[in-house]
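Chemist: need a structure here:
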Amino acid sequence: MVSRLDASLNAVHNHLQRLQTSTTNIANLNTDGYQSLRLTINEGPTGTTTTTLSTETTPGPLRQELNQDGGMVETPGSNVDLAGEYVKIMTSTQAVKANLKAAATVSELLGEVIDTLA
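Modeler: So this is what the prediction gives:
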C-alpha cells in the first residue's frame, strides 16, 4: 500500500508541474517570439513516472507593426494555444484532486491496519 501512496503523491507532483507550465505559458501569451513549454509525463516499466520539459518549436503567428521609419515590420508572436492550456489546467486540476483523494484513502487504510495490529 505504501507504493500506492507514493504513486498518488508522485502523480500530484507531476500534475502540479503541468499546472505551473501552463500558467507560465499563459503569462507569456503576449510576449513576442515566446515559444510555449510542453511538459510530458512518462510512465516507466515499474509504474514510476518522470517528466520531460521541452519547447514547442512551431512558430507563432506573424504580426505586422509599424517601425520608427513608418515601414511595416513582421514580428513573430507567441505560439501559446490558450484553449489548449485551459484544457490542460482543467485536466490537471481534476487529476490532482483525484490523486489527493486516493492518497487520503490509502493513508486512512494504513491507519486502520496499524490500529488493528496494535
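Chemist: how deep is the closest residue to residue 10 other than its chain neighbours tucked in, by neighbour count?
Modeler: Nearest in space to residue 10, with sequence neighbours left out and distances taken as CB to CB, 6 or more residues apart in numbering, is residue 49 at 5.7 Å. From N, CA and C alone the C-beta is placed, and that goes for glycine too. Around residue 49 there are 13 other residues, counting by other CB atoms under 10 Å.
Chemist: Just checking: what are the partner strands of the helix or strand bottoming out on mean pLDDT in the chain?
Modeler: In the chain, the helix or strand scored least confidently by mean pLDDT, DSSP states H and E is strand 62-66, which has a mean of 86. Strands adjacent to strand 62-66 in the sheet, as given by DSSP bridges, are strand 72-76 (antiparallel).
Chemist: So for the partner strand, mean pLDDT?
Modeler: Across strand 72-76, the average pLDDT comes to 89.
Chemist: I'd guessed residue 18 sits against residue 39; true?
Modeler: Yes. Applying CB atoms under 8 Å, one finds residue 18 in contact with residue 39, separated by 4.9 Å.
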